[in-house]
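> Coordinates for the following, if possible.
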Amino acid sequence: MTSKPTEQITNENDDSGADAAAELTPGRVLDHGRYRLLAQVGADDRCDAQLWRAKDGVLGRDVALTILVGDRSDAEAANNARRTLERAMHASTFNHIGVARVLDVVTPSSGDPAGVLGLVISEWTHGTDLLDLVAEGPLPPGTAARLMQPLAAAVEAAHHAGLVLGADHPQRVRVTPDGEVRMAFPGPLAHATSNDDVRGLGAALYLLLTGRWALDGAPEGLPTAPTGPDGDLVAPRTLRPTVPMELSTVAVRALGTPDSTGTTGGVRTGAAVLRVLEQYATYEAAPTGTGGDTATFEANEVWRREDPKTDKGTRKKLMISVGVLAAATILVIGWIAVGVIGIFTDTGGGGTGTIISGDEPSQQPSSTAPPPAAPVGITDGVSFTVQGEPDAPNSIPHLFDGDPSTDWSTYNYFQQLGPDGINTGTGAVLTLDRPTVLQQVVINSPSPGTRVEIRQVDGTPSMDSKLLGSAELASGDTPIKLQAAAPSNQILVVLTKLSPGDGGNFASKINEISVTGSAA
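Now for the predicted structure:
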């Protein structure tokens, strides 16, 4: 098996995809024994793709496999599979929290079932798929809007990067334990377009709001979206009056094509869907008084909408405790007041007050100059990223190995870092050889225009940590003065803007980082 998606798929065997499907069972191994199938979690019959959870025997991790099956002698099936593999390979450099990263793309080996046309291997997404999420009924509108935001943001970022995700099938999308909808099985259909991704957003939102799927290729047993007497798609608000008008409208308009739904003026971008989702992410439907729709909301709520109310007994105990605490506070204040008065009124020889003699020198501490700055050694470093996978984690030691000829480099990004990009920050957490009051960081880099922030680490590294200093790098050494702070033995070096490169890409490289400071 090879990692080249453009390699010609051989036609040595005429077995059909049905035969391959029969041979794909838990325990079967693919790619020369590297991937062992664990459980099938879905299927996309539109392109004869099976969706599996598998174990990577080399790296010892779970992965998601999109297995393309079909008759190798069928030229159209082979060409479609090849096109899907190529598109998945192009997406392998795309990082976003709303998409599982593509790890590898391979064509079949001699040991694979004859009907296997290729594999797309991606990160395994823990959680559940959309079908399980709505098994007991549709979700509250606010919950549906919150869940959908990462996927909508991923679609918009992918389209800016010239990619198509293929987020238009309910079993290719999963919900993480943190409550975020994620594209879990990348590998778009051969002829899929960006419009199909937006239609997928509309279909997923429609499903969460109504429990029905509004596109072709629905899995067996999943109810399909109804149409009215005129053939138009029935809006979610018609099925559930508690759905806000704007959410209902954006779901239909994102799906809308005159041929499939009878609607016109459809939504064509992920950004348009995302804006409405953000507007209604905190929406809570008012009780209807009928018990029907509201009861469904409460039974299928993902997050509690109200704090639990205490009973009368608990409230009574709480009031008694508050009274006791107030009385104790008054007693403590009175005791402290008596002590303070005694200090100023006690003139007896046996008193314990302090006597200051005019012949004795003052005990006030004299101001001293701060200790001189000295180089501080860096003993360890780990990758840091705000979103997605970290950049080149194995090269982090090059930042402090003392050799300017080695470097750590980011991936090539199709967009600049920032709120509108696919990531807002990437870098490393560096561990110092001793707690130090940091004074300066010098960064040697050949990537002018890179914006770097230095933050103090107290606990878990984050972009909310105290900012010590920042600068835009020049070519060569760039010193960054740091403001006085408490001693620290870790710092966060994070890039918030990358150096522009040829072809519209963005990437930055750092050769060496040195730190100076004074001992704690």
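> I'd assumed residue 210 was in contact with residue 224.
No - look at residue 224 against residue 210 with CB atoms under 8 Å: they stay out of range, at 10.6 Å. To be clear about C-beta, it is placed using only N, CA and C from the backbone, and glycine gets the same treatment.
> any weak-confidence spans in the stretch 401-520 of the chain?
Residues of the stretch 401-520 of the chain meeting the criterion pLDDT under 70: 503, 520.
> show me where it has strands.
Per DSSP state E, counting those that start in this stretch, the stretch 401-520 of the chain carries strands over the ranges 408-409, 426-445, 451-456, 467-472, 476-481, 488-497, 509-510, 512-519.
> Tell me which of those strands sits nearest to residue 400.
Checking the strands of the stretch 401-520 of the chain against residue 400 by CB to CB gives strand 512-519 as the closest, at 5.8 Å.
> re earlier: residue 224 and residue 210: which has the busier surroundings?
A direct count of neighbours by other CB atoms under 10 Å for residue 224 and residue 210 places residue 210 higher, at 27 against 11.
> Now render the strands of the stretch 401-520 of the chain as TSV, adding distance to residue 387 and mean neighbour count.
Listed next are the strands of the stretch 401-520 of the chain as TSV, based on distance: least, CB to CB, whole Å; neighbours: other CB atoms under 10 Å:
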stretch	distance to residue 387	mean neighbour count
strand 408-409	18	20
strand 426-445	9	20
strand 451-456	16	22
strand 467-472	20	16
strand 476-481	24	14
strand 488-497	12	21
strand 509-510	20	20
strand 512-519	23	19
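> Any idea which of the ones you listed gets closest to residue 279?
The nearest among those, by CB to CB, is strand 488-497 at 27.4 Å.
> packing partners for the closest one?
Secondary-structure packing of strand 488-497 (3 or more CB pairs under 8 Å, 6 or more residues apart in numbering; DSSP states H and E): strand 426-445, strand 451-456.
> What's the per-residue pLDDT of residue 92 here?
Looking at residue 92, its pLDDT stands at 85.
> Could you pull out the helices in the stretch 151-300 of the chain for me?
194-210, 236-239, 245-255, 270-280, 292-299 (DSSP state H, counting those that start in this stretch).
> likewise the stretch 1-150 of the chain?
So, for the stretch 1-150 of the chain - with DSSP H, counting those that start in this stretch - the helices run 17-23, 75-90, 130-133, 141-160.
> The closest residue to residue 124 other than its chain neighbours pairs with what?
Once flanking residues are discounted, residue 124 sits nearest to residue 62: 4.0 Å by CB to CB, 6 or more residues apart in numbering. Assessed by DSSP bridges, residue 62 has beta-bridge partners residue 55.
> right, so of the helices of the stretch 1-150 of the chain, which gets closest to residue 388?
Per CB to CB, nearest to residue 388 of those: helix 141-160, 10.1 Å.
> What helices and strands are in contact with the closest one?
Using 3+ CB pairs under 8 Å, 6+ apart: helix 141-160 touches strand 181-183, helix 194-210, helix 245-255, helix 270-280.
> which one of the ones you listed lies closest to residue 395?
Taking CB to CB, strand 181-183 is the member of the helices and strands packed on helix 141-160 nearest to residue 395, at 27.3 Å.
> Could you list every helix and strand in contact with the closest one?
Here strand 181-183 touches helix 141-160, strand 173-175, going by 3+ CB pairs under 8 Å, 6+ apart.
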